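Asks: Coordinates for the following, if possible.
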Amino acid sequence: MMSRQVPLQLDVQYESKANELPSRRQLQQWVLATLHAVGHVQPTELSLRIVDRAEGARLNQTWRQKTGATNVLSFPFENPPGLNLPLLGDIVICAPVVAEEAETQKKPITAHWAHLVIHGVLHLLGFDHTTEAEAQDMERLEIDILTTLHYPNPY
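Replies: Residues are numbered from 1 along each chain as shown. Here you go, the predicted model:
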């Protein structure tokens, strides 16, 4: 599937008691597919923390001033002037929200996990969806990456 593997150091932190959590291998596959799709070939480090509702809500309130847990939060790393570290940033995914959304939207939970990991990595890479044009570009990229991984269009 991928011609060249990106050197990736992925720190996965399982801080959720939820069922049906993706394996470290699945998470790594989804991150690598995203990096490959955008042509990111530099050595890369990122953290992916899977949390329960309380921590998700606390982080959402602290960083976005929004009440309640959200599905995915991305925290891009900004290199200080003069440094070029391989850190991409941190992603936090709230497992209970992912499960609820998958059920409500009638999506396979693994496909929804893949979508949210891809979405989070794209944010770390500078993609956003604040304008309609940005949202369309990001959605198209997500669909393309999910298709290469044999998951359905999430939209």
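Asks: where does the residue nearest to Gln61 when sequence neighbours are not counted land in three-state SS?
Replies: Spatial nearest neighbour of Gln61, excluding adjacent residues (Cβ to Cβ, 6 or more residues apart in numbering): Thr67 at 6.4 Å. From N, CA and C alone the C-beta is placed, and that goes for glycine too. Secondary structure assignment for Thr67 (DSSP: H, G, I helix; E, B strand; the rest coil): coil.
Asks: List the beta-bridge partners for Leu8.
Replies: In this structure, Leu8 bridges to Thr44 when assessed by DSSP bridges.
Asks: Any idea how many residues pack against it?
Replies: Counted with other Cβ atoms under 10 Å, the neighbours of Leu8 add up to 16.
Asks: and it, what pLDDT?
Replies: pLDDT recorded at Leu8 is 94.
Asks: Test my guess that it contacts Leu35.
Replies: Yes - the criterion here is Cβ atoms under 8 Å, and Leu8 meets it with Leu35 at 7.2 Å.
Asks: residue ranges with poor pLDDT in this protein?
Replies: 1-4 (pLDDT under 70).
Asks: Repeat the analysis, applying 50 as the threshold.
Replies: By pLDDT under 50, the low-scoring segments of the chain are 1-3.
Asks: picking that back up, identify the contacts common to Leu8 and Leu35.
Replies: Counting by Cβ atoms under 8 Å, 6 or more residues apart in numbering, the contacts common to Leu8 and Leu35 are Thr44.
Asks: Does the closest residue in space to Glu142 that isn't next to it in sequence belong to a helix, a strand or coil?
Replies: Nearest residue to Glu142 in three dimensions, chain neighbours excluded: Ile118, at 5.5 Å (Cβ to Cβ, 6+ apart). What three-state DSSP gives for Ile118 is helix.
Asks: In contact with Ile118, which residues?
Replies: Counted by Cβ under 8 Å, 6+ apart, Ile118 has contacts 30, 33-34, 142, 145-146.
Asks: These, buried ones only, as a ChimeraX selection?
Replies: Buried subset of the contacts of Ile118, written as a ChimeraX selection, criterion 16 or more other Cβ atoms under 10 Å:
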select :30,33,34,142,145,146
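Asks: which among the contacts of Ile118 gets closest to Thr110?
Replies: Comparing these against Thr110 with Cβ to Cβ places Trp30 closest, at 10.0 Å.
Asks: Return the residues in contact with the closest one.
Replies: Applying Cβ under 8 Å, 6+ apart to Trp30 gives the contacts 22, 113-114, 117-118, 121, 149.
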